[in-house]
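Colleague: A predicted structure for the sequence below; I have some questions about it.
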2 protein chains.
Amino acid sequence: MRAPGERGEIIPKLGEVFREHGFEGASLARITEATGLGKGSLYHFFPGGKDEMASAVLDEISHWFAEKVFHPLRSEADPASAVAGMFAAVETYFRSGDRVCLVGAFALNDVRDRFAGPISRYFKEWREALAAALRRGGRSDDEAAALAEEAIAAIQGALVTARAMNDPALFVRILRRSEQRLGLAPGENG
Amino acid sequence: MRAPGERGEIIPKLGEVFREHGFEGASLARITEATGLGKGSLYHFFPGGKDEMASAVLDEISHWFAEKVFHPLRSEADPASAVAGMFAAVETYFRSGDRVCLVGAFALNDVRDRFAGPISRYFKEWREALAAALRRGGRSDDEAAALAEEAIAAIQGALVTARAMNDPALFVRILRRSEQRLGLAPGENG
DNA sequence: AGGATCCTGTACTGACTGGTACAGAGAGGC
DNA sequence: GCCTCTCTGTACCAGTCAGTACAGGATCCT
């Protein structure tokens, strides 16, 4: 037996294929090429085929965000630095606008229905976690909820428009302004 | 010869197929079904195949927005009502969050490269037109540019997240708040 | 060394892909 | 009536699709 991480190691590669070509455009030919694995291995690790591969990718994304973003938002002592941490993590994760949000991309056509659960859970958890941090930062329930969903939409929209106009810097600009608007400066300098 | 609008009449149907299934997922089988036209007719009207069909759809979208959104933004006497008109048009066009932005959806994977020109032009024109209205409304150049790109990203992000969470009302909420933030109330009541 | 288990390459399937070719239906002009 | 031009259904093509079957290689345990 190889290292148990064998399967786990190819999931990021699968993610990149789905990101680049979408679910329908991610053919097994492209997947075998990108992962270096033949069909045999692929169907050994993912007996459910493309659906299971995409599910695994969504799972991995979920876990990453849960650990690096949602959990800190919910439980970090200083809500301001938790929010700052979220924006920093997001900027890194999306490679300053060069990378696309697979969950958002899946949401835009009929593949959403196949993965409706994970997709909606991802955004709902994010919204709830960010709202919680904003409440701890002194916002009312309504304000926190509104600002949270606005910030998340801003991030998604920034990814779409930055890619559409081929201008990754736009993503970063919108991130900055969105962060400012949440208005939770932790200290005076820094 | 039939009415010269024959070809034009099927373009909206093509648009819906691309919206629902994406470019790759929009197979000729689905297209013939949705349009009621056989391959013969389809390739008669669009000799270039799927690429030409998608181009025609993007063109039609461009023209619609140019006429109903961009032009009023640039030239309507009262910039406040021009902006209000934009939000109203957008809310109607996207069916209060039930419909997806095809241009944004195309931007998210590798089909963007096939239609890079029309896609980036659509967003750039929108941004420029909205910024022009904001400038006429009293904003500085920098403010206008920043607010414009933020508002457009908000709309796109609202479409993504509303559909992801299966909550069209979210789209309308974000539209309202985005409009408020532009802060160009035309009158006291209305 | 033997044996069990995990992994992988290859060959194959039937369905579907986008696209082409073309005969002929249909309608309008004269 | 006839001719022309636009349109359309059908048959067909080679290529690709996701998925299956399976033999055998690799690896580990004992």
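Modeller: The structure has been received and is ready for your questions. Numbering: from 1, shown residues only, chains lettered A, B, ... in the order given.
Colleague: contacts and neighbour counts: CA atoms only from here.
Modeller: Fine.
Colleague: near chain B at all, the lengthiest helix in chain A?
Modeller: The single longest helix within chain A, with elements called by DSSP state H, is helix A:141-164. Yes - in terms of CA under 8 Å from any CA of the partner chain, part of helix A:141-164 sits within range of chain B, namely A:150, A:152-158, A:160-161, A:163-164.
Colleague: any idea how far residue A:83 is from DNA strand C?
Modeller: Relative to DNA strand C, residue A:83 is positioned 39 Å away (CA to the nearest atom of the strand, to the nearest Å).
Colleague: now the element after the helix or strand hosting that residue, going C-ward?
Modeller: Using DSSP states H and E, residue A:83 falls within helix A:79-93. Where DSSP H and E defines the elements, the next helix or strand beyond helix A:79-93 is helix A:102-107.
Colleague: same for that next one, what does it pack against?
Modeller: helix A:6-25, helix A:116-136, helix B:141-164 (3 or more CA pairs under 8 Å, 6 or more residues apart in numbering or on different chains; DSSP states H and E).
Colleague: nearest to chain B: which residue in chain A?
Modeller: Across chain A, the shortest distance to chain B (CA to the nearest CA) belongs to residue A:157, at 3.6 Å.
Colleague: per-residue confidence at that residue?
Modeller: At residue A:157, the pLDDT value in this model is 98.
Colleague: need the contact list for it.
Modeller: Contact analysis of residue A:157 by CA atoms under 8 Å, 6 or more residues apart in numbering or on different chains lists B:152-158, B:160.
Colleague: related to what we said a few turns ago, what's the mean pLDDT across the helix holding residue A:83?
Modeller: If you average the pLDDT over helix A:79-93, you get 98.
Colleague: got the contact list for it?
Modeller: So helix A:79-93 is contacted by A:68-69, A:72-73, A:76, A:97, A:99, A:130, A:133-134, A:136-137, A:172, A:175, A:179, A:184-186 (CA under 8 Å, 6+ apart).
Colleague: pretty sure residue A:103 contacts residue A:60?
Modeller: No - using CA atoms under 8 Å as the test, residue A:103 is too far from residue A:60 to be in contact (11.4 Å).
Colleague: those two: who's more crowded?
Modeller: Applying other CA atoms under 10 Å in any protein chain shown to residue A:103 and residue A:60 shows that residue A:103 carries more neighbours, namely 24 against 16.
Colleague: what about the helix or strand containing residue A:54, near chain B?
Modeller: Using DSSP H and E, residue A:54 maps to helix A:50-65. No - if you take CA under 8 Å from any CA as the test, helix A:50-65 misses chain B, and the best it gets is 13.3 Å.
Colleague: can I get the CA coordinates of that helix in PDB?
Modeller: The C-alpha trace of helix A:50-65 is given here as PDB (Å, rounded to 0.1, in the frame of the first residue of the first chain):
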ATOM      1  CA  LYS A  50     -16.500  12.400 -12.400                       C
ATOM      2  CA  ASP A  51     -19.300  13.000  -9.900                       C
ATOM      3  CA  GLU A  52     -17.300  11.500  -7.100                       C
ATOM      4  CA  MET A  53     -14.100  13.400  -8.200                       C
ATOM      5  CA  ALA A  54     -16.000  16.700  -8.200                       C
ATOM      6  CA  SER A  55     -17.500  15.900  -4.800                       C
ATOM      7  CA  ALA A  56     -14.100  15.100  -3.400                       C
ATOM      8  CA  VAL A  57     -12.800  18.500  -4.700                       C
ATOM      9  CA  LEU A  58     -15.800  20.300  -3.200                       C
ATOM     10  CA  ASP A  59     -15.200  18.500   0.100                       C
ATOM     11  CA  GLU A  60     -11.600  19.500   0.200                       C
ATOM     12  CA  ILE A  61     -12.500  23.100  -0.500                       C
ATOM     13  CA  SER A  62     -15.000  23.000   2.300                       C
ATOM     14  CA  HIS A  63     -12.500  21.600   4.700                       C
ATOM     15  CA  TRP A  64      -9.900  24.200   3.800                       C
ATOM     16  CA  PHE A  65     -12.300  27.100   4.300                       C
END
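Colleague: DNA strand D contacts on chain A?
Modeller: Within chain A, the positions near DNA strand D by CA under 7 Å from any atom of the strand are A:1-2, A:24-30, A:39-40, A:43, A:47-51.
Colleague: can you do 6 Å?
Modeller: Residues of chain A lying close to DNA strand D by CA under 6 Å from any atom of the strand are A:1-2, A:26-29, A:39-40, A:43, A:49-50.
Colleague: what is the nearest of the residues of helix A:141-164 next to chain B to DNA strand C?
Modeller: Nearest to DNA strand C, judged by CA to the nearest atom of the strand, of the residues of helix A:141-164 next to chain B is residue A:164 at 23.2 Å.
Colleague: ok, now how distant is the most centrally placed residue in chain A from DNA strand D?
Modeller: With distances taken as CA atoms, centre = their mean, residue A:101 lies nearest the centre of chain A, 5.4 Å away. Applying CA to the nearest atom of the strand, the value for residue A:101 to DNA strand D is 20 Å.
Colleague: residue A:137 too?
Modeller: Distance, residue A:137 to DNA strand D, by CA to the nearest atom of the strand: 47 Å.
Colleague: counting neighbours, what do you get for the closest residue to that residue other than its chain neighbours?
Modeller: Distances taken as CA to CA, 6 or more residues apart in numbering or on different chains put residue A:79 closest to residue A:137, at 5.6 Å, once the chain neighbours are dropped. By other CA under 10 Å, 24 other residues sit near residue A:79.
Colleague: from residue A:163, how far out is residue A:79?
Modeller: To residue A:163, residue A:79 is 31 Å away according to CA to CA, to the nearest Å.
Colleague: then the helix holding residue A:83 to PDB, C-alphas only?
Modeller: This file holds the C-alpha atoms of helix A:79-93, laid out as PDB (Å, rounded to 0.1, in the frame of the first residue of the first chain):
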ATOM      1  CA  PRO A  79     -13.100  39.700  15.700                       C
ATOM      2  CA  ALA A  80     -11.200  42.400  13.800                       C
ATOM      3  CA  SER A  81      -8.200  40.300  13.300                       C
ATOM      4  CA  ALA A  82     -10.300  37.400  12.400                       C
ATOM      5  CA  VAL A  83     -11.900  39.400   9.600                       C
ATOM      6  CA  ALA A  84      -8.500  40.700   8.500                       C
ATOM      7  CA  GLY A  85      -7.400  37.100   8.500                       C
ATOM      8  CA  MET A  86     -10.300  36.100   6.300                       C
ATOM      9  CA  PHE A  87      -9.400  38.700   3.700                       C
ATOM     10  CA  ALA A  88      -5.800  37.700   3.700                       C
ATOM     11  CA  ALA A  89      -6.700  34.000   3.300                       C
ATOM     12  CA  VAL A  90      -9.100  34.800   0.500                       C
ATOM     13  CA  GLU A  91      -6.500  36.900  -1.300                       C
ATOM     14  CA  THR A  92      -4.000  34.100  -1.100                       C
ATOM     15  CA  TYR A  93      -6.400  31.300  -1.900                       C
END
